[in-house]
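Chemist: I need the structure of the sequence given here:
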Amino acid sequence: MLSVLALLLLSNPLVQTPPPAQKPPVAEKKVEKKKEEKPKKEVKPKVQKPKKQIERPIATLETAKGTIQIELEPTEAPVAVSNFINLAQRGFYDGLTFHRIEADLVQGGDPAGNGTGGPGYTIPYEQNRGLKNTKGVIGMARGPERDSAGSQFYILKRDVPGFDLNGYTLLGRVTVGQDVLEKLALGDKITHISVTVPSSYKPRPFGPTHSAEPQALFYPNLPEDAASRTYSRTVKVKIAVSVTGGVDVNLTQGSGDEEIDDAILEAIRQWQWQPALKNGQPVAQTLEFVYDLATHSRRVGGKE
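Modeler: Coordinates of the predicted model:
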């Protein structure tokens, strides 16, 4: 009976067996294309750039015994170097003597010629970091006080380490002509000092500041009969003083006597001048002098 029933069920078209389960389609694997490897750039070895050479002012000191070349060090003593360059460019050192010659050093730069003179001002002491008192080094000579240097300098023939304890400002070293130092004798002259200054160099301003001043005065050679003449005792003169101390003299108010006025102008033209300084740098200046013929006194009437 059961077998008959089963047969009927199988033969009945209304009863269907479910279709066999179908497997999900297999997704095709994507084949990733390998990226083309770019050729590696050649790594060039780094080329070491040469260190930039620091340009320094070069002073050339000429003497009858030979030439000495000095490399100045503004980073060691900016004020002393500025001062030295200024004096050299003004011709201050030309004709001055080496007034001190010893086994260890030579010294010069004194307009008095005996170790007591200077430019009319002093500069501050500067503490050196790299320079020492060794052979060929140039330093500023000074008095008992550290801030008393002006124009005098010394150059060492050999190492003098004891000087490092005494507070001298050092401003450079000899690069050519060390042998010339051994030839110098007492009284030998500095013919000329020229300085080559690089465009990168900037001078360091420093005090003092003062007006131009006459260093040597000459009185006018008046006519013998001047006392019997009629003239005004007050004369005004305009004097333009250059950075080197040269002067241009002009009469702005005369005495009324042409011969007397000419005598006054001639005398003033012979005066020796120290130029004006502004922050330690020489500058041109025009002054007006009121000259008193009766007392031969003078006073500054005005500045321009």
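Chemist: Settle this for me: Leu105 is touching Gly162, isn't it.
Modeler: No - using CB atoms under 8 Å, Leu105 makes no contact with Gly162, being 12.0 Å away. For every residue, glycine as well, the C-beta is placed using N, CA and C.
Chemist: Low-confidence stretches in the stretch 51-200 of the chain?
Modeler: 51-54 (pLDDT under 70).
Chemist: Show me where it has its strands.
Modeler: Ranges of strands in the stretch 51-200 of the chain, per DSSP state E, counting those that start in this stretch, are 58-63, 66-72, 98-101, 105-108, 137-140, 153-156, 170-176, 190-196.
Chemist: so which of those strands comes closest to Pro78?
Modeler: Of all the strands of the stretch 51-200 of the chain, strand 170-176 sits nearest to Pro78, with 9.2 Å by CB to CB.
Chemist: neighbouring contacts of that closest one?
Modeler: Residues outside strand 170-176 that contact it (CB atoms under 8 Å, 6 or more residues apart in numbering): 56, 58-59, 67-73, 76-77, 80-81, 84, 128, 131-133, 136-140, 153, 155, 181.
Chemist: Which positions in that strand come out as buried?
Modeler: For strand 170-176, the neighbour count (16 or more other CB atoms under 10 Å) marks Leu170, Leu171, Gly172, Arg173, Val174 as buried.
Chemist: Just the closest of these to Ala149, please.
Modeler: Closest approach between the buried residues of strand 170-176 and Ala149, by CB to CB: Leu171, at 9.9 Å.
Chemist: Contacts only, for the closest residue to Leu96 other than its chain neighbours.
Modeler: Leaving aside its sequence neighbours, Leu96 sits nearest to Ile190 (CB to CB, 6 or more residues apart in numbering; 5.2 Å). Shown in contact with Ile190 (CB under 8 Å, 6+ apart): Leu61, Glu62, Thr63, Tyr93, Asp94, Gly95, Leu96, Thr97, Phe98, Gly108, Gly109.
Chemist: which one of the residues you listed sits closest to Lys238?
Modeler: Checking the contacts of Ile190 one by one against Lys238 (CB to CB), the nearest turns out to be Asp94, at 28.3 Å.
Chemist: check contacts around that closest one.
Modeler: Asp94 touches Ile190, Thr191, His192, Ile193, counting by CB under 8 Å, 6+ apart.
Chemist: Which of those are buried, as a PyMOL select command?
Modeler: Buried subset of the contacts of Asp94, written as a PyMOL selection, criterion 16+ other CB under 10 Å:
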select buried, resi 190+193
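Chemist: Looking at the strands of the stretch 51-200 of the chain, spot the one closest to Thr244.
Modeler: Checking those against Thr244 by CB to CB gives strand 190-196 as the closest, at 13.7 Å.
Chemist: need the next SSE after that closest one, C-terminal direction.
Modeler: Counting by DSSP states H and E, the next helix or strand C-terminal to strand 190-196 is strand 213-216.
Chemist: What is that following strand packed up against?
Modeler: With contacts taken as 3 or more CB pairs under 8 Å, 6 or more residues apart in numbering; DSSP states H and E, strand 213-216 sits against strand 272-274.
Chemist: hang on, the earlier thing: from the contacts of Asp94, which two are the most distant?
Modeler: Using CB to CB, the pair of those lying farthest apart is Thr191 and Ile193, separated by 8.6 Å.
Chemist: quick one: common contacting residues for those two?
Modeler: Joint contacts of Thr191 and Ile193 (CB under 8 Å, 6+ apart) are Glu62, Asp94.
Chemist: Select only the buried ones of the contacts of Ile190 in PyMOL?
Modeler: In PyMOL, a selection of the buried entries from those looks like this (16+ other CB under 10 Å):
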select buried, resi 61+62+63+93+96+97+98+108+109
